[in-house]
Structures are given as C-alpha cells and as structure tokens.
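[1] Okay, here's the prediction I keep looking at, along with the sequence it came from:
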Amino acid sequence: NDTSMQHRNLNHMTREERFSEAMRRTLYALKVLLPREGWTPVGPEMKYLARAIKEFTFIIHAGVFIPCIMSYGTNEQIAKWFPLAADFRIIGTYAQTELGHGSFLRGLETIATYDRANQEFIINCPKITAMKWWPGDMGKSANHVLLMAELVIDGKKYGMHGFMVQIRDLTTHEPLPGVTVGDIGAKLSFESVDNGFLYLQNVRIPRENLLSKLSEVHPDGTYIKKGNQRLMYGSMVRVRVNLIAHEIVMPLAKACTIAVRYSAVRRQGLINPSKEEVPVLDYVAQQHKLLPQVATVFMAHFAAKQLVKMHHDYSLEVEKGNTSQLPELHALSAGMKACLSEQGAAGAEIVRRACGGHGYSCGSGLPFIVNRMLATCTYEGENTVMQLQCARYLIKCADQAKKDKLTGSVWYLSDFSNMSCTAQTFGDLQEPSVLVKLHERRAKCAVQHAGKKMQNMVKNGTPAHDAWNMMATLLINAARAHIMQYVVGTSVTYISELSCSASLKKILTQLCALYALHNINSNCGDFVKFGCLTSAQCDLAQEAEFNLLKQLRPDAVGIVDSFDFTDDILQSCLGAYDGNVYERLFEWAKQAPMNKTEVHQDSYQYLQPYLHEGRDVLEGRGRNSKL
Ligand SMILES: CC/C=C\C/C=C\C/C=C\C/C=C/C(=O)SCCNC(=O)CCNC(=O)[C@H](O)C(C)(C)COP(=O)(O)OP(=O)(O)OC[C@H]1O[C@@H](n2cnc3c(N)ncnc32)[C@H](O)[C@@H]1OP(=O)(O)O
Ligand SMILES: Cc1cc2nc3c(=O)[nH]c(=O)nc-3n(C[C@H](O)[C@H](O)[C@H](O)COP(=O)(O)OP(=O)(O)OC[C@H]3O[C@@H](n4cnc5c(N)ncnc54)[C@H](O)[C@@H]3O)c2cc1C
C-alpha cells in the first residue's frame, strides 16, 4: 500500500523512463522497506520483491553477483565485498557470456594473465568476440563485475575463474581506463534492465581479486586447486534452481490469474442456441487451454520446492567437502530449468491467446509476461544445451543401471518390475499412482531408446560424438520425459504429505492428475510407442482429462484467486479483481500518450493538405483528387 511502490503505467513509458523508475522503486524497496539486520538479497525478502515488483533493476546484482561472492569468495573476500554489495555501495553483475560465446564456456576468450612482477592480473578481451555481452545491470548501473575469464600463468591456461573487476569510478560513475561499457540496446523484454557490453583492454587488478575459495594464485604465480573445479559452475546451478520459482512459476500464475478471471467475465457466443451468451470459460476448448496451465503452476511450484530443498541439502554437503551429489543436481537443475521454462513460456502464450484481441493489448498485462518468460528459455543455460546436459547424465545412469540399483531422481532406470498399465476406465487413469508409474515407464523407455540407438550406431562404426549429435533430438526427448516423471512424482508425494483440508487436497489431486494427463495426451505417441498405453487406453486418458476439466471448472476462479496477486501487481485491465474489464480498458487507453491531444500534431501536419483537398472535392469546389 506504499504509494512509492505503486506501479506507474509501464506501457506508456519510454525504455529510459522504465529503467529509471525500476531503479528508483528497487532501491526504495531494498533500502527503505527492508532495512534489517541480516538482510540477505536472496532471502524471503527477495521472494516478496520478485512477486511485488513488476520491473526492477539490480536483478543480477542481488540474484547472482552477491550469491557468487558467497560461493566463490574466501572468508576475507566475503567480509570485504558482501557488506558493500548488500548495502548497494557497490553494484555488480555476473559477466560471463561474450559476444562470441555463451553456451560453450570452454570457448570463452577473455583472458586474465598473471603478472608476477606486480602481483596483478591483466584482463584483456583480445578480439571483439571476447567482449562481454548480455550481463544484466552492466550497461549503465554496475560499477563492478564478477568477471569469468580464462586464467593464464606463464602461458599455461587454467580454465574459467572468477575475478572481481571494478569498471566504473565510485564517485563519477565514469568508466575506468581500459573499460568500454554500455547498454546493448532494445530487447524482446527486460526493458528496464540495462543488459550491457564490456570491452576490457589491459585492465589491471590486484592478485587478491581472484575469488579464491576454489583455487588461488600465490605471489610467485603458483596455482593451487582447493576443491572440485566443477563448483566453478555452481553459480549457474543455484540460479537455475532459484529462477524456476521467480521467473517461471510466478509469472505463469499471474498470466493464469488474468486469463481465467477474464474468461469468467467475457461473454461471447452461444452453446445452447436458446440460451444467452456464455462466459468463454464455459467452452471446453477454453478450459482445455487454461486449466492445464493452472495445474502447471502448482506442479512446477511443488517440484521447484523439492529442487530447492535438494540444492540446500547439497550445499550443506559441499561445505563438508562432499560433492558427490553434484552430477545429479546439475542434471536435474539443468533439465528442470529447460523443461519448465519451455512449458511455462508456451503456457503463458496459450493463455494470452485465449484472451482474444484484448490479450494482444498491453493493457491486459499478458504480452509483458509472455515476452519476459521467453527469456527463461535462453538465459542461465540455453534450453537445448541444458536438456543435453541432463541427457548426458541419464545415459550414464542407464548404463550403470544394468549392474547397480540406482537411487535419487533416476531410481526408476533400475526398476525392472512389470510396469504395464491395467487401466480399464478413465477413473483408473486419474489415479496418482497409475500416472506416476506411466511417467516413470515412459521416461525409462525414452532414455533406453536413445541410448540403444547410439550404441547401435557406434557398433556400426559411427564415432561416439557423431552418434550423440545425430541422436540429439531423442536425447532431448529423454530429458523432457525424465523431468516430467520427476515433476509428477514429486507433486504426488508433496500433495499426499500436505496437511490441509480434504476439499483442498481433492482439488490439488485433481490438478496434479490434470497436469499428468495433459502431458500424456500431448505426448501419447511416446506412451503408445513405448508400450505404456494401448490405443484404447489413450482414448481413456483423453476422457479422463476432459472429465477433470468439467470437475475443476466451478473452482477455476477460486483457484487463481488463491495466488492472491493484488491488482497493482497484476497491472491488468483483464485480470483486476472487480472484473470491470471494459471500463478499465477504456480508461487505460485514454491515458495513452497518443491521446493527450484530440488531434495528433504530427499526423495533422502530414494529413492536412489532403484533408483540405478532400473537403473541397466533397463540397464540389476543387478538382478531383489524383487518388
Ligand atoms: C535467483 C534468480 C533471481 C533472479 C533471476 C532472474 C532473472 C535472471 C535474468 C538473467 C540471468 C541470466 C544470467 C546468465 O545467463 S549467466 C550465464 C549463463 N550461462 C550458462 O548457463 C552457460 C551454459 N553452459 C555451460 O554451463 C557449460 O558450457 C556446459 C555445461 C554446457 C558445458 O561445459 P563443459 O564443456 O565445461 O562441460 P562438459 O564437457 O559438457 O561436461 C564436463 C563435466 O562437467 C559437468 N558439468 C557441467 N556443468 C556443470 C555444472 N553446472 N555443475 C556440475 N557439473 C557440471 C558435466 O556434467 C560433465 O560431467 P561428466 O559427465 O561427469 O564428465
Ligand atoms: C535476458 C537475458 C539476460 C542475460 N543475462 C546474462 C547475465 O546476466 N550474465 C551472463 O553472463 N549472460 C547473460 N545472458 C546470456 C545468456 O546466458 C546466453 O545468451 C545463453 O547462455 C545462450 O548462449 P548464446 O547466447 O551464446 O547462444 P548459443 O549458445 O550461441 O546458442 C545459439 C543456438 O545454438 C544452439 N546450440 C548451442 N550449443 C549447442 C549444442 N552443444 N548442441 C546443440 N545446440 C546447441 C542453441 O540451442 C541455440 O539454439 C543473458 C541472456 C538473456 C537473453
């Protein structure tokens, strides 16, 4: 209710106005609303901000730069930089991606060369493709970067390491010598974020600016490894784990709230010709678009909670020096980020499109959400690359399953029990245990199928790397199948263990079944091909999904109301709680800058000669227009 936090109408602002407004609001929120001891930029407050602020700046500063200091810094380095960063006395970003490389980190070209005589690192982008490109908050805001660069000592390369590099003067904010930095220009979304470019030419930093939790360089240039070097990729794992809640579940919940509320208000057409126009939510086709996406919000939320817990437990183990869980966590976080961002982005567009013309208006709040969710498929690990990383782990596990009993998220790969489905009615296929088994079997078969195909190719003389490349599509499908069984399985478990009213548990169970059945019906080729379902059982699966749509329809609005977004957070004429869609759209349109004058000066200027000529022709005075 703090007016300083109220959103102004972003759609009627320029990009620079949005950048400034987001910075003002974010700093106000972080510095005024949340001043407390022990405030951590990734704690519950961040969750509140991610929910409450439609656009904010310093996402990377708070969500990535600060956590990296904690992950990669020694205690002394944390003590030095964390207080400055948490208090916004330095603004940082995570500068890893380059103009020429983003996915293939071993191809990064920015170099940090150790200068023993001066005990400094010389940071250099040897060519244009080495320039850092994309990091958020880097173009105009950040005065420091956590620079990921190839460490070189005496001509020997040691791989990607993290360096603290100041890029702007702390008083004037001007770029420092050797630093060329700026905004990369307009993008599909994140209008308020100054994603930037950074060209470093022989910038010198002290030896102490190598973040040295995992490795260090002694004054004489001796390189010391201090831990599992794959932990150097740990920041990306953490962000992939955390962004699911912030950037996938939350925005999709907002989009569903808008679309379901609007569909309950919007009357269009007849079902029974003798009755009045119906709310479009009464059309089964509309329910089929919206309700599975509502179910996705809940299932992704439950699965993300499990992943966050797994990451937390893993982090405690890493602190004890045990990194044995790292391969599974990497595979699961990469796969979850890729598959849920893919589902979420597609789902947001499905529900936007379900709102017809008004869904295409920025006044609906939906284009903002859709465009922003599209970015989740690319940043923090491009989805295809992430799915292949997940598949790489699955193929290894499938081989291991032939001789060992597997545990964790891949346990089903060593489950050789009879998994045939005996469902005879659509009710049988709404049973959570049946749906879990179906997803496990499909995933196991998809992994084995991809692995078998590659083995046969290699047996026939194809090099393993070529077999991998040629079977990539099957590997990606296996990764998707694995994540779907994980989401369905963890959700069923989560709901069964949830202490809540029977009526709420019934709704959640129905939503879980809807999510699983929608997935089956959207991928029934796999389920039939792998012998999980007969053709007749596929018909039952469709019947089961339609039955759930009918059962959930009466509670549809109540379910999205439970997300409890305020009108100010939704910023939507279609999704406002009072349902006054048309009045809100009209008021919103009238506020458009285009309407600040009755006659728009520029159009009048160019149209005026023709307007006068047209009038003369109409009134019989002038010659007929050439037109
Ligand atoms: C909290 C969030 C709040 C707000 C955020 C909101 C919005 C955020 C907006 C934007 C933020 C965006 C930031 C960014 O985009 S930062 C840049 C992200 N970039 C990437 O993710 C790069 C992706 N590429 C890679 O990770 C690597 O290049 C890749 C893994 C693809 C390949 O690496 P490499 O070639 O070195 O390894 P491989 O040969 O493939 O595998 C070797 C070995 O290492 C294991 N591995 C790989 N990655 C990891 C990891 N992260 N953790 C642990 N282990 C890893 C891999 O499994 C192999 O193991 P093995 O099979 O045993 O050999
Ligand atoms: C909004 C936004 C914010 C960002 N913020 C940051 C940030 O703060 N810090 C930062 O460092 N970076 C940031 N990034 C950059 C982001 O991490 C990269 O864009 C991402 O890692 C993808 O790398 P790329 O752009 O080089 O694409 P590429 O890797 O070049 O991918 C291009 C295409 O090639 C395909 N491809 C690539 N490799 C393979 C493969 N091995 N197998 C099959 N197909 C492949 C991909 O699937 C994709 O279709 C941001 C990007 C965006 C869009």
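    Received, thanks. Ligands and ions are numbered 1, 2, ... in the order given.

[2] which bits of this structure sit near ligand 1?
    Proximity of the chain to ligand 1, by C-beta under 6 Å from any ligand atom, involves residues 59-60, 63, 94, 96-97, 102-106, 136, 230, 233, 236-237, 239, 242-243, 246-247, 326-327, 330, 379-381, 385, 389, 392. In short, each C-beta sits where N, CA and C put it, glycine included.

[3] Report the buried members of those.
    Neighbour counting with 16 or more other C-beta atoms under 10 Å marks 59-60, 63, 94, 96-97, 102, 105, 136, 233, 236-237, 239, 242-243, 246-247, 326, 330, 379-381, 389, 392 as buried within those.

[4] And the closest residue to ligand 1 within the stretch 501-627 of the chain, how far from ligand 2?
    With C-beta to the nearest ligand atom as the measure, residue 569 is the residue of the stretch 501-627 of the chain nearest to ligand 1, at 16.7 Å. Plainly put, residue 569 is 21 Å away from ligand 2 if you go by C-beta to the nearest ligand atom, to the nearest Å.

[5] Ok, residue 377 next?
    9 Å.

[6] and if you look at residue 567?
    Counting by C-beta to the nearest ligand atom, the separation of residue 567 from ligand 2 is 27 Å.

[7] can you tell me which of the residues of the chain next to ligand 1 are up against ligand 2?
    60, 94, 96, 97, 102, 103, 136, 379, 381, 385.

[8] Tell me, what's the model's pLDDT at the fifth one?
    If I follow you right, that is residue 102. pLDDT recorded at residue 102 is 97.

[9] Which residues are in contact with it?
    134, 382 (C-beta atoms under 8 Å, 6 or more residues apart in numbering).

[10] Make sure I have this right: it is in a helix.
    No. Membership of residue 102 in a helix is not supported by DSSP: H, G, I helix; E, B strand; the rest coil, which gives coil.

[11] and it, what are its phi and psi?
    Residue 102 adopts backbone torsions of phi -140, psi -50, taken as degrees, to the nearest 10.

[12] before we move on, back to that, in strands, which of the buried ones among the residues of the chain next to ligand 1 appear?
    Counting by DSSP state E, those place residue 94 in strands.

[13] Which of the ones next to ligand 2 among the residues of the chain next to ligand 1 sits closest to residue 337?
    residue 381 (6.3 Å; C-beta to C-beta).

[14] quick one, what contacts the closest one?
    Contacts of residue 381 (C-beta under 8 Å, 6+ apart): 103, 236, 240, 334, 337, 338, 389.

[15] so what's the residue in the stretch 251-400 of the chain that ligand 2 sits nearest to closest to, chain neighbours aside?
    Using C-beta to the nearest ligand atom, the single residue of the stretch 251-400 of the chain nearest to ligand 2 is residue 384, 3.3 Å away. Using C-beta to C-beta, 6 or more residues apart in numbering and skipping residues adjacent in sequence, the residue nearest residue 384 is residue 476, 6.6 Å away.

[16] Pull out the buried positions in the helix or strand hosting the one you found.
    Taking DSSP states H and E as the definition, residue 476 sits inside helix 472-497. Residues of helix 472-497 classed as buried: 474-492, 494-495 (neighbour count, 16+ other C-beta under 10 Å).

[17] In terms of helices and strands, where is residue 161?
    Going by DSSP H and E, residue 161 is part of strand 156-166.

[18] on that earlier part again, who are the packing partners of the helix holding residue 476?
    The contact analysis (3 or more C-beta pairs under 8 Å, 6 or more residues apart in numbering; DSSP states H and E) places helix 472-497 against helix 284-319, helix 326-353, helix 383-401, helix 432-459, helix 502-522.

[19] Please work out which of these is packed deepest.
    Counting by mean count of other C-beta atoms under 10 Å, helix 326-353 has the highest mean neighbour count of the helices and strands packed on helix 472-497, with a mean of 24.

[20] how far is that one from where the chain is centred?
    Helix 326-353 has its C-alpha centroid displaced from the chain centroid by 7 Å (C-alpha atoms, centre = their mean, to the nearest Å).

[21] Also stretch 516-530?
    25 Å.

[22] do the same with stretch 184-200
    Centroid displacement of stretch 184-200 relative to its chain, using C-alpha atoms, centre = their mean, is 17 Å.

[23] For ligand 2, what is the nearest residue in the stretch 1-150 of the chain?
    residue 102 (2.2 Å).

[24] and that residue, how far is that from residue 537?
    Between residue 102 and residue 537 the distance is 43 Å, computed by C-beta to C-beta, to the nearest Å.

[25] Residue 572 too?
    From residue 572 across to residue 537, the span is 40 Å (C-beta to C-beta).

[26] Give me the more crowded residue out of these two.
    Between residue 572 and residue 537, residue 572 has the larger neighbour count (other C-beta atoms under 10 Å), namely 29 against 22.

[27] So residue 231 is in contact with residue 326, correct?
    Yes. Contact criterion C-beta atoms under 8 Å: residue 231 and residue 326 qualify, at 7.5 Å.

[28] Give me the common contacts of those two.
    residue 318.

[29] Could I get the buried residue list for stretch 6-26?
    7, 10, 11, 12, 13, 18, 19, 21, 22, 23, 25, 26.

[30] next one: stretch 110-126
    For stretch 110-126, burial by neighbour count (16+ other C-beta under 10 Å) applies to 110, 111, 112, 113, 114, 120, 121, 122, 123, 124, 125.

[31] follow-up on the earlier one: the strand holding residue 161 - contacts with which helices or strands?
    strand 120-124, strand 144-153, strand 203-206.

[32] quick one: residue 152 and residue 72, what's the gap?
    Using C-beta to C-beta, residue 152 is found at 19 Å from residue 72.

[33] Show me which of these two is the more surrounded one.
    The residue with more neighbours, out of residue 152 and residue 72, is residue 72; 25 against 16, by other C-beta under 10 Å.

[34] so that one touches residue 229, yeah?
    No. Counting by C-beta under 8 Å, residue 72 does not reach residue 229; the two are 11.8 Å apart.

[35] Near the residue of the stretch 501-627 of the chain closest to ligand 1, how many residues? Count them for me, please.
    Other residues within reach of residue 569, judged by other C-beta under 10 Å, total 19.

[36] so what's it up against?
    Here residue 569 is in contact with 7, 51, 52, 54, 254 (C-beta under 8 Å, 6+ apart).

[37] cool, residue 178 as well?
    Applying C-beta under 8 Å, 6+ apart, the residues contacting residue 178 are 200, 201, 202, 203.

[38] Then residue 391?
    Applying C-beta under 8 Å, 6+ apart, we find residue 391 in contact with 447, 450, 475, 476, 478, 479.

[39] For residue 270, find the nearest of the helices and strands packed on strand 156-166.
    strand 144-153 (59.8 Å).

[40] What is the closest one packed up against?
    helix 66-72, strand 92-95, strand 111-115, strand 120-124, strand 156-166.

[41] Would you mind giving these as a markdown table with mean pLDDT and distance to residue 577 added?
    Compiled in a markdown table, the helices and strands packed on strand 144-153 are given as follows (pLDDT from 0 to 100; distance: least, C-beta to C-beta, whole Å):
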| stretch | mean pLDDT | distance to residue 577 |
| --- | --- | --- |
| helix 66-72 | 91 | 35 |
| strand 92-95 | 98 | 37 |
| strand 111-115 | 98 | 53 |
| strand 120-124 | 98 | 52 |
| strand 156-166 | 97 | 46 |
